[in-house]
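1. Build me a structure from this.
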Amino acid sequence: MAEKILFAFDFDHTVIDDNSDLYCKKLAPNGKIPQEIEQTYSDLGWTKYMGLIFEYLHKHGVTEQHFRDCMNEIPLTKGMREVIEYATKNEHESIIISDSNSRFIDYVLTDRGLKGSFSEVYTNPAHFNEDGQLTIAYYHTQDWCDLSTVNLCKGHILQEHIKRRQNDGIHYKCVVFVGDGTNDFCPALRLTENDYICPRVSYRLWKKIQKMGNDPHSTNDKQKMRAQVVDWTSGVDILEFLKSLERC
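-> Down below sits the predicted model:
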C-alpha cells in the first residue's frame, strides 16, 4: 500500500473498551452521581452534563491524578493497539474524532505509548482551571447536521481534515473509519465508494447500518451508504481486513 490511507478512529468503545465519561463516575463518593445532576442530561446535553459531573467530583476532592489513574484502568480494545501500530508502521495517517475530551484521550494515548501514532485528535477541549477543577467546552457549535450533536459533527470534522490535507498536497488512497456509536453515522454517510466504514458488531452504529437493510447501498438519497462496510468485534478483524487490502 504505497499510497497513504487515512485511519479515523472513534475513542470510546473503539480505541478503549469502555466509555471514558461514564467510567469516571466511579470517582464520586460511593460511585454515585446525585440524581439532580443525572436529570440534567436531557435538557443540557451530554457535554454540559459532564461539566456538572466534573464540578461535583472536584467538590469531593477528585484531582487530575485521580482522573489520570482512572482512565488508565480502562483497557484498550482487544487488537486495537496492533491496528494503530500497523497504520504507523506502514506510514499511513491516523486521527481520532471523539465526543470524549482532550484530557481523557491524552492520558490514555500518552500513558499507553500511542500519542505519536496520531497526527490529530479532534474532541471537546478540556483543562484544569486555577482551582484544579476539570472543565470542558464544545469542540464547535453546529446547526447544519441533524444527525449530530450541537457540539460535535464528526462528518464535518472528517471532511475538513481531508480538505486541509489536500491543500497540503496529500491525497488519500482511501479512508478507513472505525467506530461504534450513533454519532459515527454522519461520517459513515460522507465516505465515498473507495472508503471503508468499520462498525463494531452489536453496537449502535452497526445496528443503524443493519436497519438500512441487507444492502445498505439501496437506501434513500438522504442517507445513502456509499462506503464499503467491514464489521468488527475486535481489532484483530480490522487488522486481517487491512492485510487483505494490502494484497489487492
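2. Okay, helices next: where are they in this structure?
-> For the chain, the helices defined by DSSP state H cover 20-23, 35-38, 41-44, 46-59, 64-71, 80-89, 102-111, 154-167, 185-190, 204-211, 235-247.
3. Provide the contact partners of the second one at residue level.
-> Contacts with helix 35-38, where a contact means Cβ atoms under 8 Å, 6 or more residues apart in numbering, come from 49, 52-53, 56. Every residue, glycine included, has its C-beta placed from N, CA and C.
4. Try it again at 10 Å.
-> The contact list for helix 35-38 (Cβ atoms under 10 Å, 6 or more residues apart in numbering) reads 25, 28, 32, 44, 49, 52-53, 55-56.
5. Where is pLDDT lowest across those?
-> Among those, Leu44 carries the weakest pLDDT, at 88.
6. wait, isn't that one in contact with Leu52?
-> Yes. Leu44 is in contact with Leu52 according to Cβ atoms under 10 Å; the separation is 7.6 Å.
7. hang on, the earlier thing: out of the helices of the chain, flag the one nearest Thr14.
-> helix 80-89 (7.3 Å; Cβ to Cβ).
8. any idea how far the closest one is from the chain center?
-> 16 Å (Cα atoms, centre = their mean, to the nearest Å).
9. Let me see the residues that make contact with it.
-> The contact list for helix 80-89 (Cβ under 10 Å, 6+ apart) reads 4-7, 9, 14-17, 76-77, 92-94, 96, 109, 112-114, 116-118, 176, 178, 198, 232, 234-239, 241-243, 246.
10. need the contact list for Ile209.
-> Neighbouring residues of Ile209 by Cβ under 10 Å, 6+ apart: 184-185, 188, 197, 199, 216, 219, 225, 227, 229, 231.
11. change it to 8 Å
-> Counted by Cβ under 8 Å, 6+ apart, Ile209 has contacts 185, 188, 197, 199, 216, 225, 229.
12. Of these, which one scores lowest on pLDDT?
-> Lowest pLDDT within the contacts of Ile209 is found at Pro216 (48).
13. Which residues are in contact with Cys198?
-> Residues counted as contacts of Cys198 (Cβ under 8 Å, 6+ apart) are 176-179, 229-232, 238, 241.
14. for this structure, what helix or strand is lowest in average pLDDT?
-> Least confident element among the helices and strands of the chain, by mean pLDDT, DSSP states H and E: helix 41-44 (a mean of 86).
15. longest strand anywhere in this protein?
-> In the chain, assigned by DSSP state E, the strand with the most residues is strand 93-101.
16. Tell me the strands beside it, with direction?
-> Its sheet considered, strand 93-101 pairs with strand 5-9 (parallel), strand 120-124 (parallel) by DSSP bridges.
17. Of these, flag the one that's most buried.
-> strand 5-9 (a mean of 24; mean count of other Cβ atoms under 10 Å).
18. sorry, back to before: of Leu44 and Leu52, who's got more company?
-> Neighbours per residue, other Cβ atoms under 10 Å: of Leu44 and Leu52, the larger number sits with Leu52, 17 against 14.
19. where does the protein have low pLDDT?
-> Scanning the chain for pLDDT under 70 picks out the ranges 1-2, 213-222, 247-248.
20. what about the closest residue to Gln133 other than its chain neighbours, distance to Ala137?
-> Sequence neighbours aside, His58 is the residue nearest to Gln133 in space, at 4.0 Å (criterion: Cβ to Cβ, 6 or more residues apart in numbering). To Ala137, His58 is 16 Å away according to Cβ to Cβ, to the nearest Å.
21. Cheers, nothing more for now.
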